[in-house]
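1. structure of the sequence below:
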Amino acid sequence: MNQEDKLKILKDILLTDEREYASSIHEKIKILEDTINQQPNLSEKVDPIIEEKLNEFIKEIPDTLGPTITEALKNEIKNSQDAVVEALYPILGRMIKKYIQNEFKLLSEKINSQINNTFSFKSFKRKFKAKTYGVSEADLILQDQLKPKLEQFMVIEKGSGLLVSTYSKTNTIEEDMVAGMLTAIKSFVEDAFNEKNQDLELIEYETYSIHIQNFSSYYIAVVISGIFNANDKNVLEDKLLDFAQNIINKTDLSNSKSLTEKLKAYFTNEYL
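-> Residues are numbered from 1 along each chain as shown. Below is the predicted model:
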């Protein structure tokens, strides 16, 4: 073995690690190039990362962007009210129209059911009345459906707003709170108009009417649901005046339980 062969062997021994390292780097570069240059390979690596980040972003939106988006929407709606109304009006109009049509359909079905399936003295009387007055039986049933319904009676002391007695058929109203509220509203309205010997008589709230019958030391508030017209007002006033004259004036107002029982007995009919 000559000197050149010996040097080659020594070189192979010394440079083996560097060659293997260079070869591995070359292989990795080739894999990286294949991954970058070929769409399927790149998608396989990148898609899971993007999906994970998107999921994290979606979870963080309510906390990070929620307040900003809400505030931006509020400002945009405030600054563009006419445009918002114009955009929403057709949608809301169709929704309201559909709701009304459905309610009338249900009411019509209910009326037809009562006409076809109910046979009693009341229905016979209604048929007779319909023929006598020349109106349809359905109109009379509809009139019955829209009758004002007496929901609550409250006898309230003037000035203090203390609830003397109450009677409710539904028990859905906070009597003490309503009594205080009514007294405050009465005082405010009557003082604001600055008219002597003038009292607040009616408050309307959504589908409810609150009729107020005033007396010297107390007033009676009646909560009514349904359509409450002038004729109903006259009928109710007569009943309340009669009740005050024959019952309240002959009862000790400090005896709340006794007055409540008399209220209940007097107003047995839930309709005017």
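
2. in the chain, what spans have low per-residue confidence?
-> Applying pLDDT under 70 to the chain picks out residues 1-23, 42, 84-85, 89, 92, 99-101, 103-146, 170-173, 194-197, 269-272.

3. ok, which stretches of it are strands?
-> Along the chain, the segments classed as strands by DSSP state E run 149-157, 163-168, 202-205, 208-214, 218-225.

4. for the last one, list the C-alpha coordinates in PDB.
-> Extracted in PDB, the C-alpha atoms of strand 218-225 (Å, rounded to 0.1, in the frame of the first residue of the first chain):
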ATOM      1  CA  TYR A 218    -109.400  57.300  49.400                       C
ATOM      2  CA  TYR A 219    -109.600  56.100  45.900                       C
ATOM      3  CA  ILE A 220    -110.400  52.800  44.100                       C
ATOM      4  CA  ALA A 221    -108.100  51.600  41.400                       C
ATOM      5  CA  VAL A 222    -109.400  48.900  39.000                       C
ATOM      6  CA  VAL A 223    -107.000  47.100  36.600                       C
ATOM      7  CA  ILE A 224    -108.800  46.100  33.500                       C
ATOM      8  CA  SER A 225    -107.700  44.000  30.500                       C
END
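
5. tell me the strands beside that strand, with direction?
-> strand 149-157 (antiparallel), strand 208-214 (antiparallel) (DSSP bridges).

6. mean neighbour count and distance to residue 227 added to those, as a markdown table?
-> C-betas here are computed from N, CA, C, even on glycine. Listed next are the strands paired with strand 218-225 as a markdown table, based on neighbours: other C-beta atoms under 10 Å; distance: least, C-beta to C-beta, whole Å:
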| stretch | mean neighbour count | distance to residue 227 |
| --- | --- | --- |
| strand 149-157 | 21 | 10 |
| strand 208-214 | 19 | 9 |
